[in-house]
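Colleague: Fold the following for me, if possible:
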Amino acid sequence: MGFSNLELVIQCDNFPYFEDNQTVYAEHIAKYYEFRVSGIDATLGYILNSVVDKFPWPQYWQIDSRLKRVTLVTAANVTAADRSKLIAETLSEAVKKESFEVLKGWRSENYPVFGPGGEYLFEMERSASPLFGIVTYGSHMTGYTEDAEGMKIWVPRRSKNKQTYPGMLDNTVAGGMATGERPFECIVREALEEASLPESVVRPGAIARGCITYSHIRDARAGGEVGLSQPEIEFVYDLKLDASVTPKPGDNEVDAFELLSIPELKDALARGEFKPNCSVVIIDFFIRHGILTPENEPDYLDIMSRLHRRLQYPLASYRQ
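Modeller: Coordinates of the predicted model:
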């Protein structure tokens with residue numbers, strides 16, 4: 001029968017819920033240390049025990065085995081740039097010592113980390129983000145067409161050479177948000193880079209449709225160490241494309257695009273062909289467009305609640 005829609009959502013949002021089973025949650029959280037920075041009363045992420053043991057921590061890090069906390073210790077007047085410099089030095093040492101497989105996928109892209117109230121605290125190399133379990137942000141867009149045969153969606157096949165989820169199906173456009181980048185600007189940039197979709201098509205046509213949130217535990221398909229915590233927020237967009245517009249690979253991350261009907265998409269989902277978070281974006285699209293409804297999806301309410309997990313970390317603010 002293949003995977004149900006709820007099973008696909010759970011594969012992505014697979015960090016245990018305290019409310020569901022406190023014993024299971026306690027057993028799982030015992031595998032991690034809290035990640036903190038001095039002067040900020042908040043947990044910024046969860047670091048796997050084995051990562052803590054293996055990391056070549058410089059002297060400005062405090063490892064508290066009793067409280068199970070890893071803290072970046074800085075002066076009271078520290079700036080975000082100061083913290084970022086210390087993080088970069090820490091990661092540079094880990095790269096030199098080849099401490100972690102995941103760092104071999106170094107991207108030279110930085111992700112922001114926020115404190116309470118959306119305060120920008122520092123930035124970190126993208127490939128290192130799952131080692132620290134920080135919240136990461138991205139934008140995903142579903143490009144679709146409609147004709148006499150019905151709705152069809154453009155789906156790319158990830159390159160077989162990618163370090164993460166090689167050869168799996170993806171969303172039409174998807175990418176992580178770098179430091180200082182806003183969700184819509186991210187999707188405009190990624191659309192051109194990944195799908196050769198110009199700004200003249202994306203800016204007037206892409207419609208913001210909310211976001212999905214989940215807390216993922218990485219498996220072998222993600223590349224590198226397994227068991228790393230990866231909470232994420234994905235801003236979702238829809239783009240209705242004219243039949244004359246065809247997405248084309250713009251970089252080496254995608255092998256090819258294919259236009260799939262809704263039944264074909266459902267079959268691919270059930271076979272587990274999509275990258276986990278991309279499955280969730282497609283399911284969210286199906287719900288918003290009335291393809292999945294309470295009448296035809298028995299797990300509708302469970303799916304809806306898990307598409308919008310309340311993350312227990314400080315999050316970004318877009319007030320400015």
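
Colleague: For residue 130, which non-adjacent residue is spatially closest?
Modeller: Nearest-residue entry for residue 130: residue 228, 4.0 Å, with adjacent residues in sequence omitted and distances by C-beta to C-beta, 6 or more residues apart in numbering. Bear in mind the C-beta positions are built from the backbone N, C-alpha and C, glycine included.

Colleague: Run through the residues that contact the closest residue to residue 127 other than its chain neighbours.
Modeller: Distances taken as C-beta to C-beta, 6+ apart place residue 105 nearest to residue 127, at 4.8 Å, with adjacent residues excluded. With contact set as C-beta atoms under 8 Å, 6 or more residues apart in numbering, residue 105 has these partners: 127, 163-164, 223-224.

Colleague: May I ask you to name the longest helix in this structure?
Modeller: helix 80-96 (DSSP state H).

Colleague: buried residues in that one?
Modeller: Buried residues in helix 80-96, counted by 16 or more other C-beta atoms under 10 Å: 80, 83-84, 86-88, 90-91, 94-95.

Colleague: any idea which of the residues you listed is closest to residue 51?
Modeller: Top of the list for closeness to residue 51, among the buried residues of helix 80-96 and by C-beta to C-beta, is residue 94 at 9.7 Å.

Colleague: Point out where the chain drops to low pLDDT.
Modeller: Scanning the chain for pLDDT under 70 picks out the ranges 319-320.

Colleague: domain assignment for it?
Modeller: 5-14+135-306, 31-132 (automatic domain parsing).

Colleague: The ones you listed: which one's closest to residue 313?
Modeller: domain 5-14+135-306 (5.1 Å).

Colleague: Could you tell me the end-to-end distance of that closest one?
Modeller: One end of domain 5-14+135-306 sits 11 Å from the other (C-alpha to C-alpha, to the nearest Å).

Colleague: rewinding a little: now, the most widely separated pair of the buried residues of helix 80-96?
Modeller: Longest span within the buried residues of helix 80-96, C-beta to C-beta: 80 and 95, 22.1 Å.

Colleague: Would you format the buried residues of helix 80-96 as a markdown table with distance to residue 18 included?
Modeller: Shown next, in a markdown table, are those (distance: C-beta to C-beta, whole Å):
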| residue | distance to residue 18 |
| --- | --- |
| 80 | 31 |
| 83 | 29 |
| 84 | 32 |
| 86 | 32 |
| 87 | 29 |
| 88 | 34 |
| 90 | 30 |
| 91 | 31 |
| 94 | 31 |
| 95 | 35 |
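
Colleague: Good, we can wrap up now.
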